[in-house]
Structures are given as structure tokens and as C-alpha cells.
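Colleague: Provided below are the primary sequence and the corresponding predicted coordinates.
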Amino acid sequence: MKIKNSLKALRSRHRENRMVRRKGRVYIINKSNPRFKARQG
């Protein structure tokens, strides 16, 4: 999992990326390709 300041660029790299807020943190999750997991905050 990558920890980034800005997730908007990462989200556009794969069409199945989803942006999710959990417990005050922002996550990028991708069920089909877990390589794109990322977190902010």
C-alpha cells in the first residue's frame, strides 16, 4: 500500500479504482488489481 498526499492522480490510473473514506482516512481500493491500494491521512 502506498501512502500519498494526493490520491486523485492514483485513482485515474485504473478504471476500477474506488475512493473510500474510513475512520478519517481516504483509501483507494481496487478489487481486481490490489496493486493500486493507497492511503492518505
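Modeller: Looks like it came in fine. Numbering: from 1, shown residues only.
Colleague: going forward, measure contacts and count neighbours with C-alpha atoms only.
Modeller: Noted.
Colleague: Just confirm V26 is within a strand.
Modeller: Yes: secondary structure assignment (DSSP: H, G, I helix; E, B strand; the rest coil) places V26 inside a strand.
Colleague: Could you tell me how far the closest residue to N30 other than its chain neighbours is located from N5?
Modeller: Taking Cα to Cα, 6 or more residues apart in numbering as the measure, N30 lies nearest to N17, with 4.8 Å between them; neighbours along the chain are not counted. Between N17 and N5 the computed distance is 17 Å (Cα to Cα, to the nearest Å).
Colleague: So between the two, which is more surrounded?
Modeller: When neighbours are counted by other Cα atoms under 10 Å, N17 and N5 differ, and N17 comes out ahead with 20 against 8.
Colleague: Quick check: pLDDT value at the closest residue to R25 other than its chain neighbours.
Modeller: Ranked by Cα to Cα, 6+ apart and with sequence neighbours excluded, the top spatial neighbour of R25 is G41, at 5.1 Å. G41 is assigned a pLDDT of 82 by the prediction.
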